[in-house]
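> when you get a sec, could you give me coordinates for this:
(2 chains)
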Amino acid sequence: MEQSFNPYLPELATVIKIIDETPNIKSYRVVFDDPEKMKTFSFEPGQVGQLYVFGVGEATFVINSPPTRMEYLQFSVMKAGEITNAIHDLHEGDQIGVRAPLGNSFPYDDMKGKKILFIGGGIGLAPLRTLILFMLDNRKDYDDITIIYGSRTPLDLCYKDELREWESRSDVNLILTVDNEYPGWHKRTGFVPTVLNEVAPSPDNTVAITCGPPIMIKFVLQNLAKLNFKDDHVITTLEARMKCGIGICGRCNIGSKYICKDGPIFSLVQLKESGAEI
Amino acid sequence: MAETGFLPKEKIDGFLEALSKDALVYMPVLEGDVIIFRPFKPGNTLCLDRPANSPPKSVIYPQSDVLFSYNYKKETDDPKKVSIEIETHMDYPKAIIFGCRPCDAMGFTVYDRVFIESNGPDTYYQGRRDETIIITLSCPAPSAGCFCTALGSGPANKEGSDVLMTGLENGFLFEPVSEKGKAILAMPGIEGGSQHLQEAQKKQQDAYNAVKKPFPSISHTEISRKRFDLDEFWHKAVSKCVSCGACTFLCPTCYCFNFTDEQTLESGERIRSWDACMFYHFTLEASGHNPRATRFLRYRNRVGHKFLFYPEKYNGVIACCGCGRCIRYCPVSVDISEIVSQLRSPE
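Residues are numbered from 1 along each chain as shown, chains lettered A, B, ... in the order given. The predicted structure follows:
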């Protein structure tokens, strides 16, 4: 039989660099072993991929390097279970399988000319990073960019080099916070939703994009509503256990929508329509 | 496709033998008190008396299927370097499903939309589907729990079949449905069937009239969304459910799956297996969070998938064929037709 595209077949790739982000998060830069695949591969900001550790299994992660920087694909992985533990055991030079791109993407065209408010918590900065870097690479298309980002302690902040760079830029307003006082930390303290209230960004011509732990998202959405953000100007990403990544295997559906295929990015309008519980 | 064929009763063994010359013929066989689809071989007893206990879905969608295998290759000039080679196996044998029921055949059309038309094509499913001919037997009488007519189908529905057979006094009438089915009429032993058509149609109509209708025919979903969203409704409706998953494994339209990985020292396989949305672990996330942690949430999703979510995606088509197996073989007698009936009644 003639071999047609096989959606379950991973593409072989090699880990070229591993970056320790926090005590339990590492970033993996991978390149496809087939140079032609690396050259022709394209994706949209926000799309995800399945990383496959041979013999162990697959899990879904956002491609958190932007399509404007295609030397490698970056995935950030927090240790949480069997597969992420196996990924943390990988070394530079190891081969893995990648199925990507999967899922939908941020509606970055609709955001052109608007003010952008990113609200992230912990590893939730990963999908936002893709869009932030993409927007910084197309800076003139967007108005003010504000990033509110928090984690439990300063040690748990991801992408520290980039945080320093964004902090130094005049065209980015970066607000960092950690949950509690910490020795040597002289910036804000307090939970992300509280800091959002304190900063009180204007909803005028502003799109808010949030990603983080479910409990953080829940209160961020409540506070955005209090700040008069309209539902169609609020965007978040959802997570669920996923296997196939193409909307068949049955795990990640919310009603007739599959997070792996129709998501992971949804506007608050879409979430309310689907009856998703946040 | 006007021609029909007739196979005299006494020629059926020869017919199956002829079919099996260049295809794997799966037929319902009595094993103990269970009817199950097995490959044809002399000595196996064909049993067409009642629908098989399990549908023949595994012929096209195997319960366990190797998606690919891989090997670790050590590079000869650099002993520290190991690389992986992936291999797929996608040569499928010609197969014939003989003697399944119209509900079983219709089940494959539910899969076709998912695996071929909108998410794929799924190379493994399509490969087997293309190589398989489905010869269906119209139901002579309903079994307990059958409710196909309430879903717009019926005991002689041709959807999904390549040939529809109807059992008569002295043999079987063959009505071809597809081009693949037309070729079956040229097999040895098949005679002209036009003089038996009227008798067959009478049998088909009698069977249709005998099927119970727990609710009037629905061509698209008419479920009360308000009741569907009500926790109390599900607590009461499925209080007996033990989450065993039997309903899903015996269902001709359920297709949830899992991947597992098996590895020895130098090689391994990625395997796709049937899974069930009724199991607690199905949606359990690594964080410990489980969006469908209770039996009622899982059962609600199962009914929702068949009667609301699938129709939403596929032009109102309901992903249930009314075969009644989930009712007949549920250890605690949960009745999906009763539940859907309640979901349809006025608020």
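> please make it C-alpha for all contacts and neighbour counts, starting now.
Will do.
> the residue lying closest to B:Cys323 once chain neighbours are set aside: neighbouring residues, count only.
In this structure, B:Cys323 finds its nearest non-sequential neighbour in B:Cys146, 5.2 Å apart by C-alpha to C-alpha, 6 or more residues apart in numbering or on different chains. Other residues near B:Cys146 number 25, with proximity taken as other C-alpha atoms under 10 Å in any protein chain shown.
> next one: B:Ile271 from B:Cys256, what distance?
To B:Cys256, B:Ile271 is 14 Å away according to C-alpha to C-alpha, to the nearest Å.
> okay, now A:Asp171: neighbour count?
Neighbourhood size, A:Asp171 [other C-alpha under 10 Å]: 14.
> is it correct that it is in contact with A:Asp143?
No - using C-alpha atoms under 8 Å, A:Asp171 is not in contact with A:Asp143; the gap is 9.1 Å.
> any idea how far the residue with the largest distance to the centre of chain B is from chain A?
Each residue of chain B has a distance to the centre, and by C-alpha atoms, centre = their mean the biggest one is for B:Asp77: 51.7 Å. Counting by C-alpha to the nearest C-alpha, to the nearest Å, the separation of B:Asp77 from chain A is 17 Å.
> do the same with B:Leu46
32 Å.
> quick check: closest non-adjacent residue to that residue.
Using C-alpha to C-alpha, 6+ apart, the nearest residue to B:Leu46 is B:Val29, at 4.9 Å.
> where does the one you found sit, in terms of helix or strand?
Secondary structure from DSSP states H and E places B:Val29 in strand B:24-31.
> after that strand, next one along is what?
Defined by DSSP H and E, the subsequent element after strand B:24-31 is strand B:34-39.
> which residues does that following strand contact?
With C-alpha atoms under 8 Å, 6 or more residues apart in numbering or on different chains as the test, strand B:34-39 has contacts from B:24-30, B:47, B:51-56.
> then stretch B:308-315?
Outside stretch B:308-315, the residues that touch it by C-alpha under 8 Å, 6+ apart are A:255-256, B:113, B:220-221, B:223, B:316-319.
> try it again with 7 Å
A:255-256, B:221, B:317-319 (C-alpha atoms under 7 Å, 6 or more residues apart in numbering or on different chains).
> looking at those residues, spot the one nearest A:Glu36.
Minimum distance to A:Glu36 across the contacts of stretch B:308-315 is 36.4 Å, recorded for A:Ser256 (C-alpha to C-alpha).
> chain B contacts on chain A?
Where chain A comes near chain B, counting by C-alpha under 7 Å from any C-alpha of the partner chain, the residues are A:1, A:6-7, A:55-57, A:80-81, A:240-241, A:243, A:246, A:248-251, A:255-256.
> from those, which land in strands?
Judged by DSSP state E, the residues of chain A next to chain B include A:Gly57 as members of strands.
> among the residues of chain A next to chain B, name the buried ones.
Buried subset of those (neighbour count, 16 or more other C-alpha atoms under 10 Å in any protein chain shown): A:7, A:55-57, A:240-241, A:243, A:246, A:248-251, A:255-256.
> helix or strand for A:Ile87, which one?
The secondary structure element spanning A:Ile87 is helix A:82-88 (assigned by DSSP H and E).
> ah, wrong one, I meant A:Leu51
Element membership of A:Leu51, judged by DSSP H and E, is strand A:48-53.
> all strands of the stretch 1-150 of chain B, in order?
Ranges of strands in the stretch 1-150 of chain B, per DSSP state E, counting those that start in this stretch, are B:5-8, B:24-31, B:34-39, B:64-74, B:82-87, B:95-100, B:132-137.
> for B:Glu262, find the nearest of those.
Of those, the one closest to B:Glu262 (C-alpha to C-alpha) turns out to be strand B:64-74, at 9.4 Å.
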